[in-house]
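> I would like the atomic coordinates for the input below:
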Amino acid sequence: MENPKDCKYTKDHEWVRVTGSDAVVGITAFAQSELGDVVFVDLPSAGKSVKQKDSLCVVESTKAASDVYAPIGGTIAEANAKLKDSPELLNQDPYGEGWMVKLSGVSAADLGALMDASAYEEFLKG
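Here you go, the predicted structure:
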């Protein structure tokens, strides 16, 4: 699965797609493949403010439980309710139906520390 070119990436394998002052966040195809079958996602509540690198939520798989970190700061506008009943969406479509949270009021300055798709591909090879 190719990493979308319109996303920015972290070294912890989160992605973010920013449109204006809003953003959608999830985990990368690499992250979900390393986790194995996702069985539960503990999502944050709307209204919670997060800073870049804050723990955003926890993903539990058949292998481990892992924290997902906020790639940029903002306020949780929405968590993907579909993941409550269908956590496997993270495995099946990590860049689409498997998104995790939508952030509002995001800081464009936080994007400077993130990798574009090409840099992330190189990071994975390293």
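> where does the residue most central in space within the chain land in three-state SS?
Centrality entry for the chain: nearest residue to the mean C-alpha point is residue 26, 2.1 Å, by CA atoms, centre = their mean. Applying DSSP: H, G, I helix; E, B strand; the rest coil to residue 26 yields a three-state assignment of strand.
> dump the residue contacts of it.
Each residue near residue 26 by CB atoms under 8 Å, 6 or more residues apart in numbering is listed here: 14, 15, 90, 94, 95, 98, 99, 100. Backbone N, C-alpha and C define where each C-beta goes, glycine included.
> can you count the residues close to the nearest residue to residue 83 once chain neighbours are set aside?
The spatial neighbour of residue 83 that comes closest, neighbours along the chain excluded (CB to CB, 6 or more residues apart in numbering), is residue 41 at 4.4 Å. Residues near residue 41, counting by other CB atoms under 10 Å, number 23.
> on contacts alone, who are the packing partners of the helix or strand containing residue 41?
Using DSSP states H and E, residue 41 sits in strand 38-42. Using 3 or more CB pairs under 8 Å, 6 or more residues apart in numbering; DSSP states H and E, the elements in contact with strand 38-42 are strand 55-61, helix 89-92.
> Using JSON lines, please lay out the ones you listed together with mean neighbour count.
Converted to JSON lines, those look like this (neighbours: other CB atoms under 10 Å):
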{"stretch": "strand 55-61", "mean neighbour count": "18"}
{"stretch": "helix 89-92", "mean neighbour count": "19"}
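> who wins for proximity to residue 30 among those?
Nearest to residue 30, of all those, is helix 89-92, at 12.1 Å by CB to CB.
> export that closest one as CSV, just CAs?
Provided in CSV are the C-alpha atoms of helix 89-92 (Å, rounded to 0.1, in the frame of the first residue of the first chain):
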residue,chain,number,x,y,z
LEU,A,89,-10.5,-0.8,9.5
LEU,A,90,-7.1,0.3,10.6
ASN,A,91,-5.6,-2.8,8.9
GLN,A,92,-7.9,-2.7,5.8
